[in-house]
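Colleague: Predicted model and sequence follow; I will ask about them next.
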Amino acid sequence: MIALWPDDRNPTHLIFCNEQGVNNPGVQRVRLADGSVETILTGTTSCDPAHRTPWGTIIVGEEATDGNVIEIINPLATTNIIFNRVTGATSGASGPQMSSRGRRSGAWHSRGSPSTRPACCTTETKTAR
């Protein structure tokens with residue numbers, strides 16, 4: 001899936017999922033002006049879909065029984081994040097703060113202070129029924 005950024009009428013970037021494994025880039029962006037490609041997030045498996053939200057973020061998901069839904073808060077400023085799909089933790093070059101929904105508790109847990117949290121992502125883990 002591909003999301004046009006910042007809107008459908010005048011996009012400057014394409015943001016898309018790569019459905020390969022956790023060692024390959026999972027979410028990337030292409031700057032339409034020159035075709036340059038940057039990795040936003042690595043660590044997902046079977047990444048699909050990618051959607052732009054009305055509030056200006058990108059939502060991506062994993063097509064897996066234990067898949068995650070990840071919200072990328074600032075997709076143009078988030079680069080080379082490594083996502084641990086088991087713990088929901090992130091690390092990497094920029095935007096390592098996030099919130100995640102725990103598998104057992106179902107409650108949102110904050111990682112980082114509210115002033116730094118918007119740099120990267122929020123996640124929710126899907127549980128098989």
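Modeller: Alright, I've got the coordinates.

Colleague: can you map out the strands along this protein?
Modeller: For the chain, strands defined by DSSP state E occupy the ranges 2-5, 13-17, 25-31, 37-42, 47-52, 58-62, 68-72, 81-83, 90-92, 98-101, 108-111, 121-125.

Colleague: I'd like those strands laid out as a markdown table, including mean neighbour count.
Modeller: Yep, even glycine has a C-beta here, placed from its N, CA and C like the rest. Output for the strands of the chain, formatted as a markdown table (neighbours: other CB atoms under 10 Å):
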| stretch | mean neighbour count |
| --- | --- |
| strand 2-5 | 18 |
| strand 13-17 | 21 |
| strand 25-31 | 21 |
| strand 37-42 | 20 |
| strand 47-52 | 19 |
| strand 58-62 | 23 |
| strand 68-72 | 23 |
| strand 81-83 | 22 |
| strand 90-92 | 18 |
| strand 98-101 | 21 |
| strand 108-111 | 13 |
| strand 121-125 | 23 |
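
Colleague: can you tell me which of these the model trusts least?
Modeller: Mean pLDDT values for these show the minimum at strand 108-111, a mean of 34.

Colleague: burial of residue 19, as a residue count?
Modeller: 15 (other CB atoms under 10 Å).

Colleague: you'd agree residue 26 is up against residue 50?
Modeller: No. The criterion here is CB atoms under 8 Å, and residue 26 misses it with residue 50 at 9.9 Å.
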